[in-house]
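Engineer: Curious how this folds, go ahead:
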Amino acid sequence: MSAIELQTLSEQLRSLPGLRSKRDIQEASTIFEHHPFPELGDASRLGDDTALIPPQLGSLLLACEGMQPELVIEDPWFAGWSGVLVNLSDIAAMGGRPLALVNSLWGQGDEAGQKLLEGMRFACDKFAVPMVGGHTNNQSPYSALSVSVLGMADGPVLSARAAQPGDALVFLIDGDGSFYRHYPFWDAATKADPERLRAQLSLLPKLAHARIARAAKDISMGGLVGTAVMFSEACGLQITIDLDAIPRPVGINELSWLSCFPSFGFLLAIPQTEFTSLRNLVNLHSCLMCETIGRFEAQPSGVWLERDSQTHQIWDEASPLTGFGAVATP
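Structural biologist: Below is the predicted model of the structure:
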């Protein structure tokens, strides 16, 4: 092979789209910590094909969230922040603690992509959970973000299917916040002290380990009532919600409160005998609202709203929501 032929081949290889696209990763390399687990040595540095995670003893938990396209476009920083936050809530709802996150980002390599990364890094720092890898495509015709988290439960898992007839439906939320811009997001986290946020997130594993909580669901985009529907569908029990028992910050519209996506908000199934223990733990967190707002009953799954001795069924099992229903009793 002549020198000219070798040069031509080199230029062809150097210009391969698959190679040039790897430059997209540089943006993330300027944002995230390169060595999240230094105790594991150089093999745990970012840049390999897979992240190296410290060994664990317990049940592994894995979750993934894709962010709404409108939010990614309109407010990329908050979309990045939310992509981390919602995953951490999913792990907590199962009685676990987060270990590490990964993300997949599609965009045009513009300022919006930078803000998505910065929002994720801000959340990682707030909660002390590392971003250990991901995928970046800056040649995409659209913008999108997906974030996944690995977690672990070293005690009982708070599966929504574990709720029992007679359990109380308890609403647990950080009420010290406000709605974020024009979105239905109750933000009690972006300006909060990191230690407060980490302590709150660790509360769910404590409730699981002490067997104070039997089951849990984090309040998601369906709001409090929509999350209750998913809870009922999973456990196969009827849930009745007393609307007047739901704690609400002063001046906040009821419909907005019932339909919002809180930064820290959960529905819990609590045995009647564990109320005092629950209150003792929650009282250590001054910003948290915690009240019994309903009950689980041994009736076919469905959700009823109750006020002034009037009831109205908002959902029944004849109209599946997620399709992941309760396990049939033999």
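Engineer: ok, residue 256 - how many residues close by?
Structural biologist: Here the number of neighbours of residue 256 (other Cβ atoms under 10 Å) works out to 13. All C-beta atoms are positioned from the backbone trio N, CA, C, and that covers glycine.
Engineer: what's the answer for residue 79, then?
Structural biologist: Quick note: residue 79 (other Cβ under 10 Å) scores 25 neighbours.
Engineer: swap in residue 192?
Structural biologist: Based on other Cβ under 10 Å, the number of other residues close to residue 192 is 18.
Engineer: Could you list the low-pLDDT ranges of this structure?
Structural biologist: Within the chain, the segments meeting pLDDT under 70 span 327-330.
Engineer: mind listing the helices for it?
Structural biologist: 3-14, 17-20, 25-29, 69-74, 76-93, 111-127, 194-201, 203-209, 223-235, 254-259, 275-282 (DSSP state H).
Engineer: Which neighbouring elements make contact with the last one?
Structural biologist: Same thing as helix 275-282. strand 168-174, helix 203-209, strand 288-297 (3 or more Cβ pairs under 8 Å, 6 or more residues apart in numbering; DSSP states H and E).
Engineer: Adding distance to residue 148 and mean neighbour count, write those out as CSV.
Structural biologist: Listed next are the helices and strands packed on helix 275-282 as CSV, based on distance: least, Cβ to Cβ, whole Å; neighbours: other Cβ atoms under 10 Å:
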stretch, distance to residue 148, mean neighbour count
strand 168-174, 24, 23
helix 203-209, 19, 21
strand 288-297, 27, 19
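Engineer: and of the ones you listed, who's closest to residue 54?
Structural biologist: Closest to residue 54 of those is helix 203-209 (Cβ to Cβ; 17.2 Å).
Engineer: And the contacts of that closest one?
Structural biologist: Contacts with helix 203-209, where a contact means Cβ atoms under 8 Å, 6 or more residues apart in numbering, come from 92-93, 95-97, 153-158, 212-213, 216, 266, 268, 278, 281-282, 285.
Engineer: repeat that for 7 Å
Structural biologist: Contacts with helix 203-209, where a contact means Cβ atoms under 7 Å, 6 or more residues apart in numbering, come from 92-93, 95-97, 153, 155-156, 158, 213, 216, 266, 281, 285.
Engineer: Nearest to residue 166 among these?
Structural biologist: For the contacts of helix 203-209, the nearest to residue 166 is residue 213 (14.5 Å; Cβ to Cβ).
Engineer: any idea how far residue 284 is from that closest one?
Structural biologist: As defined by Cβ to Cβ, to the nearest Å, residue 213 lies at a distance of 16 Å from residue 284.
Engineer: who's more crowded, those two?
Structural biologist: residue 213 (31 against 10).
Engineer: I figured that one hits residue 271, correct?
Structural biologist: No - with contacts counted by Cβ atoms under 7 Å, residue 213 stays clear of residue 271, the gap being 8.8 Å.
Engineer: Show me how the chain divides into domains.
Structural biologist: Under automatic domain parsing, the residue ranges defining each domain of the chain are 56-154, 160-316.
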